[in-house]
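Enquirer: just a sequence and a predicted model for now, questions to come.
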There are 2 protein chains.
Amino acid sequence: MFDVFGTCVDWRSGIIREGVELNRSRGLGVDWTAFADAWRGLYQPSMEQVRNGSRPWTTLDVLHRESLDKLVDRFGLECLGGNELDHLNRVWHRLEPWPDTVTGLKILKNNFVIAPLSNGNVALLVNMAKRTDLPWDAVLGAEVAGHYKPRPEAYLAAARLLGLEPDQCMMVAAHNNDLVAARNCGFRTAFVCRPHEHGPEQTTDLVAESNWDVIAASFVELADELKKKNINRSAISAFR
Amino acid sequence: MFDVFGTCVDWRSGIIREGVELNRSRGLGVDWTAFADAWRGLYQPSMEQVRNGSRPWTTLDVLHRESLDKLVDRFGLECLGGNELDHLNRVWHRLEPWPDTVTGLKILKNNFVIAPLSNGNVALLVNMAKRTDLPWDAVLGAEVAGHYKPRPEAYLAAARLLGLEPDQCMMVAAHNNDLVAARNCGFRTAFVCRPHEHGPEQTTDLVAESNWDVIAASFVELADELKKKNINRSAISAFR
């Protein structure tokens, strides 16, 4: 099961690319690099009220839109109409995978059930997969669990829906804290480093901060490592 | 969105095939045709308590196993151990598609988001798809809704998870009653006749019992009909 934003797809470049195009088409002078970082900066706080139960379940599309509305003044986006903001909000559905993502997933799919375990809502993940050929066997994640990561319910619901025990599941993420939460639920863990998720000056998640089961530089390397360790679907079933 | 048992896959032949193999390997003389019909006969009743709220959510794997346990004496399966019964219960994960199913789904997938909307649990549907190459974009259905068809919640949850209004969804089923329920939720409807779902002497669902939006003899014909009517994903989005 795969984290998506940052692990499978490059959200920062995707937002910047569409923003630069918007500068051109609408004659804006927005700093989209700063905008992308600011929007993503509101990501974790936006989920907090849902996580702590003070707000009912709210999809990431809605949270992204609320965060976007907060940035309109600061970044000079007042000239954009509601439909244009709706379209911009759905840039999260249109992000591009890292160069190794699709190749790696196709190899992994031969040996495993592969599914996103993302805080993105199902529609977002399905639209993204459809555009960019992410070959998921199922689309799981926070929305079907009704809980955002790193709440344990998010991981445990995904395992339960696939009819698997937690130790038959492996969480793949570029974020050490996601793997901490997954391991606490009994999942196996794989860290795939994405050193440019936050741009050229990234300072976080540059190294594995624990003894994760697999540490790899790409999804293709992850597939190779699993093969070397003789971990595959039937080995996992036989394990129990 | 597709009904699965009977519409995509041939449950009756699948159960009979594995049963005949079990007769051979275990020296049994079970009438597996009668057994398949009896097991499927307990299918709708087994979901009733969940539908009417007198029983909490229970997956189809569990309901199938309870129904199987009821048939052990009657069909002379006492010699099978618990593991063998567990394996037999999972024959529903190992059913084969009708000859046109995979070809038709692959064509439809080029123009639409395709997903099962089945009473089967997610693990069952994922395992089935993995074995037989059903190319779903997402795996939805009763389990993620927490309600069995034909309860409206089952259809409406699937639409909501895909970010679609009901009239942007089409239910594809070989069962008129499934389409009645879907239409009542605002879905478009397609009837694909499966005249041998219940064997050579089938008497039900041999004809479309209403003016469904599409009536076809196979998934390939369904794809052709949608093309003729100029219904595709962008046409559906533009519709709104």
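Expert: Great, that's in hand.

Enquirer: so what's residue A:196 up against?
Expert: Contacts were defined as C-beta atoms under 8 Å, 6 or more residues apart in numbering or on different chains; by that measure residue A:196 touches A:10, A:202. Every residue, glycine included, has its C-beta placed from N, CA and C.

Enquirer: wasn't it part of a helix?
Expert: No: counting by DSSP: H, G, I helix; E, B strand; the rest coil, residue A:196 is not part of a helix but coil.

Enquirer: any idea how far it is from chain B?
Expert: Per C-beta to the nearest C-beta, to the nearest Å, residue A:196 is found 29 Å from chain B.

Enquirer: kindly report the same for residue A:139.
Expert: When residue A:139 is compared with chain B (using C-beta to the nearest C-beta), they lie 4 Å apart.

Enquirer: pLDDT score for the residue located most distally from the centre of chain A?
Expert: Distance from the C-alpha centroid of chain A peaks at residue A:27, with 31.4 Å (C-alpha atoms, centre = their mean). Residue A:27 is assigned 95 on the pLDDT scale.

Enquirer: how about residue A:217?
Expert: For residue A:217, the pLDDT comes out at 98.

Enquirer: that one contacts residue A:191, doesn't it?
Expert: No: using C-beta atoms under 8 Å, residue A:217 is not in contact with residue A:191, being 9.9 Å away.

Enquirer: who's more crowded, these two?
Expert: Per other C-beta atoms under 10 Å in any protein chain shown, whichever of residue A:217 and residue A:191 has more neighbours is residue A:191, with 27 against 13.

Enquirer: for the more buried one, which three-state class applies?
Expert: Under three-state DSSP, residue A:191 falls in the strand class.

Enquirer: contact partners for it?
Expert: Residue A:191 sits next to A:173-174, A:176, A:179, A:208, A:212, A:214-216 when contact means C-beta under 8 Å, 6+ apart.

Enquirer: ok, residue A:131 next?
Expert: Applying C-beta under 8 Å, 6+ apart to residue A:131 gives the contacts A:93-94.

Enquirer: would you agree it falls within a strand?
Expert: No: assessed with three-state DSSP, residue A:131 is helix; it does not lie in a strand.

Enquirer: per-residue confidence at it?
Expert: At residue A:131, the pLDDT value in this model is 96.

Enquirer: cool, residue A:161 as well?
Expert: Note on residue A:161: pLDDT of 97.

Enquirer: so it makes contact with residue A:143?
Expert: No: the criterion here is C-beta under 8 Å, and residue A:161 misses it with residue A:143 at 11.9 Å.

Enquirer: out of the two, which sits in the busier spot?
Expert: residue A:143 (26 against 21).

Enquirer: distance of that one from residue A:92?
Expert: Separation of residue A:143 from residue A:92 (C-beta to C-beta, to the nearest Å): 14 Å.

Enquirer: what residues sit buried inside stretch A:89-103?
Expert: Buried residues in stretch A:89-103, counting neighbours by 16 or more other C-beta atoms under 10 Å in any protein chain shown, are found at A:89-98, A:100-102.

Enquirer: ok, so of those residues, who is nearest residue A:127?
Expert: Nearest to residue A:127 among the buried residues of stretch A:89-103: residue A:93, at 4.1 Å, using C-beta to C-beta.

Enquirer: mind listing what that closest one touches?
Expert: Residue A:93 sits next to A:123-124, A:127-128, A:131 when contact means C-beta under 8 Å, 6+ apart.

Enquirer: what lies in contact with stretch A:13-25?
Expert: A:28-30, A:32-33, A:35-36, A:39, A:80, A:88, A:91, A:94-96.

Enquirer: which residues of chain A fall in helices?
Expert: Assigned by DSSP state H, the helices in chain A fall at A:11-26, A:32-41, A:43-51, A:60-75, A:82-89, A:101-111, A:122-132, A:142-145, A:152-161, A:176-184, A:219-228, A:233-238.

Enquirer: and those, which one is worst for confidence?
Expert: Of all these, the minimum mean pLDDT falls on helix A:233-238 (a mean of 71).

Enquirer: of the contacts of residue A:93, which is the nearest to chain B?
Expert: For those, the residue nearest chain B by C-beta to the nearest C-beta is residue A:123; the value is 3.0 Å.

Enquirer: isn't the closest one right up against residue A:61?
Expert: Yes: counting by C-beta under 8 Å, residue A:61 is a contact partner of residue A:123 at 7.1 Å.

Enquirer: what do these two both touch?
Expert: residue B:163.

Enquirer: more neighbours, those two?
Expert: residue A:123 (23 against 18).

Enquirer: list the contacts of the more buried one.
Expert: Residue A:123 touches A:61, A:93, B:161-164, counting by C-beta under 8 Å, 6+ apart.

Enquirer: same thing but 6 Å
Expert: B:162-163 (C-beta atoms under 6 Å, 6 or more residues apart in numbering or on different chains).

Enquirer: now residue A:112
Expert: residue A:233.

Enquirer: the same query, at a cut-off of 8 Å, please.
Expert: A:226, A:232-233.

Enquirer: residue A:63 now?
Expert: Taking C-beta under 8 Å, 6+ apart as the contact definition, residue A:63 lies against A:43, A:46-47, A:50.

Enquirer: quick one: it and residue A:45, what's the gap?
Expert: Residue A:63 sits 10 Å away from residue A:45, taking C-beta to C-beta as the criterion.

Enquirer: need the pLDDT of residue A:240.
Expert: The per-residue pLDDT reported for residue A:240 equals 47.
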